[in-house]
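Chemist: Make a model of this:
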Amino acid sequence: MIERFLKQTTFTSVEDYNKNLKFIIPENFNFAYDVMDEWAKEKPEGLALLWTNDQGEEIRTTFAELKEQTDQAASYLQTLGIGKNDPVMLILKRRYEWWVVMLALHKIGAIVIPATHMLTKHDIVYRNTRASVKAIICVDDAYVVSQIQAAMAESPTVKQYITITDHGKPIPDGFHDWQTEWKQAPKFQRPGFVNNNDDTMLMYFTSGTSGEPKMVAHDYLYAMGHLTTGVFWHNLHEGSLHLTVADTGWGKAVWGKFYGQWFAGATVFVFDHEKFNADTLLRQIEKYKVTSFCAPPTIYRFMIREDLSKYDLSSLEYCTTAGEALNPAVFDKFKEKTGIQMMEGFGQTETTMTLGTFPWMQPKPGSMGIPNAQYNIDLVRADGTSCEDGEKGEIVVRVGDKKPIGLFKEYYRDAELTKEAWHDGIYHTGDMAWRDEDGYYWFEGRIDDVIKSSGYRIGPFEVESALMTHPAVVECAITGVPDDIRGMVVKATVVLGKEWKDKAGDDLVKELQQHVKKETAPYKYPRIVEFVDELPKTISGKIRRVEIRQKDAK
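Modeler: Residues are numbered from 1 along each chain as shown. Alright, predicted model coming up:
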């Protein structure tokens, strides 16, 4: 499959990859037709999706079966008046139908807006209004349905509400019944024209660490941009069984549960569960013999606190991580317990993977890896000039005259915000890093998170990495607190392991402070330490340091 889209399909070194990664871009590319329907022709009995849940239910779907289901779903959506350029919001948790509906919407040229089930009425009204949402397809969850119903009166653009229930359950007022109606749709007729490559295919509302969410619009080539994610970073192939831990409302879902994995012809494994539990997840990996695994570092932190010798993880061949910076201590402990090195990657909702650790590289614990050759990545100072090795700067994408495959189109309906981030041929990520002499990038934090104390610039991640090597610490966030003498002082907000919680006090504060002084430069140690039960996070799981700063400012 990938030979249709790449001039060279295998690489043996960084130099080979950087020199020879070249895409073959068809006109009017559509992932649903040009990849998924082609797999249905080439290997109809190949296993596309293996879905299971915490109730023990299981669905195994071949590429041929998935084509039939997505055609049927596309026809049903057309009968509801949904078609090209219509924005459709999906709130489906990890239900099996999410994968079917995503492909169906691509087939009719609609704009998909995946969203988390944790949205409130305010969140839903905001999204409906900003994007002129025409239809909402949701899971039959009491909270989700109640918030959508509460938003209806303030959402005049929404014409159709569809819920996916379990058979026999009553349908909420005002909703179509997916389970009954989609089977009754007529035979699907592919539209004569579906899309241009630069049409909007997908939009995400980024949760953000401050302010209202931004509306990130992606074109149809965004899907192709994830070919490198699945085939090269995840190192997938036909026969791989890949599990990414991510809610379908997050951008990470299409990074790890959709486009790139199916470019590779791999099987996407889905575990639908209500509440994360490390033991339960490890049992799924063991039972189904998952070969490839990707999760944020937080998930790995909980996994390594389990006795991994209790599980047969021999099927695991490859592990990757993204979504937040990886502390070296987590890398080392996971390798010690499993023998597997985690391969870190970096990107944003606005991009596909921009930095990564590839199979032909030796990972450096804590490093995000090197630039993905489909992007021209640089580090720049505040004045826009390029940084030297070892110098901290902002990660940027030099765009030039041609937008690279995978980079977003715009912040939808917000030209001012788009220009603020993307101007003079450069897209500014807002993330800080430094580059070593081997070309590896090391994360420092968001520009707004950098702490200036007594003339020093301190990146939160370097202090967090030091703290994470102490056995008491499960999670932590480093922020700056205003100080009359030093300008700012470093504060650590810490979540302790359950066996340490009764030790929270002055003695443990001093122990953690001394530990940081030994692990990194002494001037970086946290002068303030606060113990909390949990850290404030966005709905996509990112730590909201801005919320900690605002609380401290009060």
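
Chemist: my guess is Phe276 contacts Ile299, does it?
Modeler: Yes - taking contacts as Cβ atoms under 8 Å, Phe276 lies within contact range of Ile299: 7.4 Å. (C-beta placed from N, C-alpha, C; glycine too.)

Chemist: Common neighbours of the two, please.
Modeler: Val245 (Cβ atoms under 8 Å, 6 or more residues apart in numbering).

Chemist: How about the backbone phi and psi for Pro114?
Modeler: Phi and psi for Pro114, reported as degrees, to the nearest 10, are phi -70, psi 140.

Chemist: Start the count at 778 instead of 1 going forward.
Modeler: Fine by me, first position is 778 from now on; the one you just mentioned is Pro891.

Chemist: To what extent is it buried, counted in neighbours?
Modeler: Close neighbours of Pro891, defined as other Cβ atoms under 10 Å, add up to 24.

Chemist: now Lys1066
Modeler: 13.

Chemist: picking up where we left off before, if you count what's nearby, which of Phe1053 and Ile1076 comes out ahead?
Modeler: Using other Cβ under 10 Å as the criterion, Phe1053 and Ile1076 rank with Ile1076 on top: 20 against 12.

Chemist: Wait, a helix at the more buried one?
Modeler: Yes - Ile1076 forms part of a helix when assessed by DSSP: H, G, I helix; E, B strand; the rest coil.

Chemist: what's near enough to touch it?
Modeler: Going by Cβ under 8 Å, 6+ apart, Ile1076 touches 1022, 1053, 1055, 1058.

Chemist: Starting from Ile1224, give me the distance back to it.
Modeler: Counting by Cβ to Cβ, to the nearest Å, the gap between Ile1076 and Ile1224 amounts to 27 Å.

Chemist: What of Ala930?
Modeler: Distance of Ala930 to Ile1224, given as Cβ to Cβ: 40 Å.

Chemist: more crowded one of the two?
Modeler: A count of neighbours by other Cβ under 10 Å puts Ile1224 above the other of Ala930 and Ile1224, at 14 against 8.

Chemist: didn't the more buried one look like it was pressed against Thr1206?
Modeler: No - Ile1224 is beyond contact range of Thr1206, at 9.1 Å (criterion: Cβ under 8 Å).

Chemist: hey, which helix or strand in this structure has the poorest pLDDT?
Modeler: Lowest mean confidence among the helices and strands of the chain (mean pLDDT, DSSP states H and E): strand 1233-1235, at a mean of 72.

Chemist: Endpoint to endpoint, stretch 1119-1132 covers what distance?
Modeler: 14 Å (Cα to Cα, to the nearest Å).

Chemist: Now do the buried residues in it.
Modeler: By 16 or more other Cβ atoms under 10 Å, the buried positions in stretch 1119-1132 come out as 1119-1132.

Chemist: For Phe1048, identify the helix or strand it belongs to.
Modeler: For Phe1048, the host element (DSSP states H and E) is strand 1044-1049.

Chemist: again with Val993
Modeler: Per DSSP H and E: Val993 is located in strand 991-996.

Chemist: got it, and Leu1058?
Modeler: helix 1055-1065.

Chemist: Lys1314 is in contact with Glu1101, correct?
Modeler: No - using Cβ under 8 Å, Glu1101 is not in contact with Lys1314, being 10.1 Å away.

Chemist: Show me the common contact partners of those two, please.
Modeler: Counting by Cβ under 8 Å, 6+ apart, the residues touching both Glu1101 and Lys1314 are Ile1320.

Chemist: do you know how far Asn1012 is from Gly1122?
Modeler: As judged by Cβ to Cβ, Asn1012 and Gly1122 stand 12 Å apart.

Chemist: for Gln1291, same thing?
Modeler: Going from Gln1291 to Gly1122 by Cβ to Cβ gives 34 Å.
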